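Chemist: no FASTA, just this:
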């Protein structure tokens, strides 16, 4: 099943047409096209890929290049040097390898037989909606997931490697920033500082020519235009009814149809403060359920703008928590509820989505994953509070 799933997952990259103005709606490898191949090409041509107007004028892209760390342009440059199809297939192959590596890390974190555990997790992952989506549209998330998992797994035993892993998670600031804060809260401030420093130093190499080209003020204006454009898209705006965002603020809007001013900032602060307090309490209580790592990953996703596929960063922690819950299911029922809720985005396959759309419409279809992820965070918060309270009282 895993081999067949992997082969099917690579088909979009193998059959993707060459991009042109006539096929902008093509979804196969669209993130590779819009967020990697042509941004790197624009950078190599001496332009600024962060400027939406420049990208739309020069290249056949549908989405603007979001605020990835500038080192992204250097790290993924090898995939933009050959022809488009060659680069797409090579990139998809690397993504598949990263998914397998993530499965290895999950098996190790869960302390299950390494070979069997890796094969089972990898097979389930590449056939899940989240796993298939990474390869279908060419998302960079598998790299970030390996970085986040590596930072959590190695933060106490190999802090230098953990810092390097965190630097990879910083490729998207909405991953790197909350993860660094939570690592600090859990006592791994050297990992947080080291990873942030590595990412900043690597980004400076790519940032210098961009700033020299536009000047400090000009570059700042480009970033402002980038943010403004992103806030007006149907997939990125917090108040879009068709967005699939899974962060608290966006899910709240799609559920109730209303959003108070400053809700994104309030949600970010609330999620981070609550999560920081509870992961610290879990660590200090010596909790052995793996809930601290899972709460860390889920908090990263629900605190700030994220899409359903971003829950992939929780795979090792999710597998570990699922194993612990199954072995102690009569004792850890609420941990099991959180695990099941987090499985919803992975199980949201095409035929499932068809049923949801027929029963509840498009709004329900794009909201169900977000509700499930937010529910998982709320349940984990309750579980962590009760768990640490019991241990404190004992």
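Modeler: Everything's here; your move. For clarity, every value in this text was computed on a predicted model and none was experimentally measured.
Chemist: So which residue is smack in the middle of the chain?
Modeler: Nearest to the geometric centre of the chain sits residue 310, at 2.9 Å (CA atoms, centre = their mean).
Chemist: Contact partners for it?
Modeler: When the contact criterion is CB atoms under 8 Å, 6 or more residues apart in numbering, the partners of residue 310 are 141, 175, 246, 301. For glycine as for every other residue, the C-beta is placed from the backbone atoms N, C-alpha and C.
Chemist: Out of these, which comes closest to residue 234?
Modeler: Among the contacts of residue 310, residue 246 lies closest to residue 234 (CB to CB), at 15.6 Å.
Chemist: Tell me if I'm right that that closest one and residue 314 touch.
Modeler: No. Counting by CB atoms under 8 Å, residue 246 does not reach residue 314; the two are 11.6 Å apart.
Chemist: what residues are shared contacts of those two?
Modeler: residue 301.
Chemist: re the thing from before, in strands, which of the contacts of residue 310 fall?
Modeler: Residues of those located in strands (DSSP state E): none.
Chemist: Rebuild these as a markdown table, extending it with neighbour count and pLDDT.
Modeler: Formatted as a markdown table, the contacts of residue 310 follow (neighbours: other CB atoms under 10 Å; pLDDT from 0 to 100):
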| residue | neighbour count | pLDDT |
| --- | --- | --- |
| 141 | 26 | 95 |
| 175 | 25 | 96 |
| 246 | 27 | 95 |
| 301 | 30 | 97 |
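Chemist: from these, which is closest to residue 148?
Modeler: residue 175 (6.5 Å).
Chemist: I'd guessed that closest one sits against residue 144; true?
Modeler: Yes. Taking CB under 8 Å as the definition, residue 175 is a contact partner of residue 144 at 5.2 Å.
Chemist: Find the nearest non-adjacent residue to residue 213, please.
Modeler: residue 48 (6.5 Å; CB to CB, 6 or more residues apart in numbering).
Chemist: my bad, residue 229
Modeler: Of all residues not flanking residue 229 in the chain, residue 52 sits nearest, at 4.5 Å (CB to CB, 6+ apart).
Chemist: ok, that neighbour - contacts?
Modeler: Applying CB under 8 Å, 6+ apart, one finds that residue 52 lies in contact with 64-65, 225-226, 229.
Chemist: now residue 42
Modeler: By CB under 8 Å, 6+ apart, the residues touching residue 42 are 48-49, 54-55, 58-59.
Chemist: and which of the residues you listed is nearest residue 256?
Modeler: Ranked by distance to residue 256 (CB to CB), these are led by residue 55 at 34.8 Å.
Chemist: roughly how far apart are the closest one and residue 39?
Modeler: If you measure residue 55 against residue 39 using CB to CB, to the nearest Å, the figure is 7 Å.
Chemist: and for the two, which residues touch both?
Modeler: 49, 65.
Chemist: What backbone torsions are found at residue 158?
Modeler: Backbone torsions for residue 158, taken as degrees, to the nearest 10, come to phi -140, psi 70.
Chemist: where does residue 279 land on pLDDT?
Modeler: Note on residue 279: pLDDT of 96.
Chemist: So it sits against residue 292, correct?
Modeler: Yes. Between residue 279 and residue 292 there is a contact at 4.8 Å, judged by CB under 8 Å.
Chemist: which residues do the two both contact?
Modeler: 186, 384.
Chemist: residues contacting residue 322?
Modeler: 110, 339 are the contacts of residue 322 under CB under 8 Å, 6+ apart.
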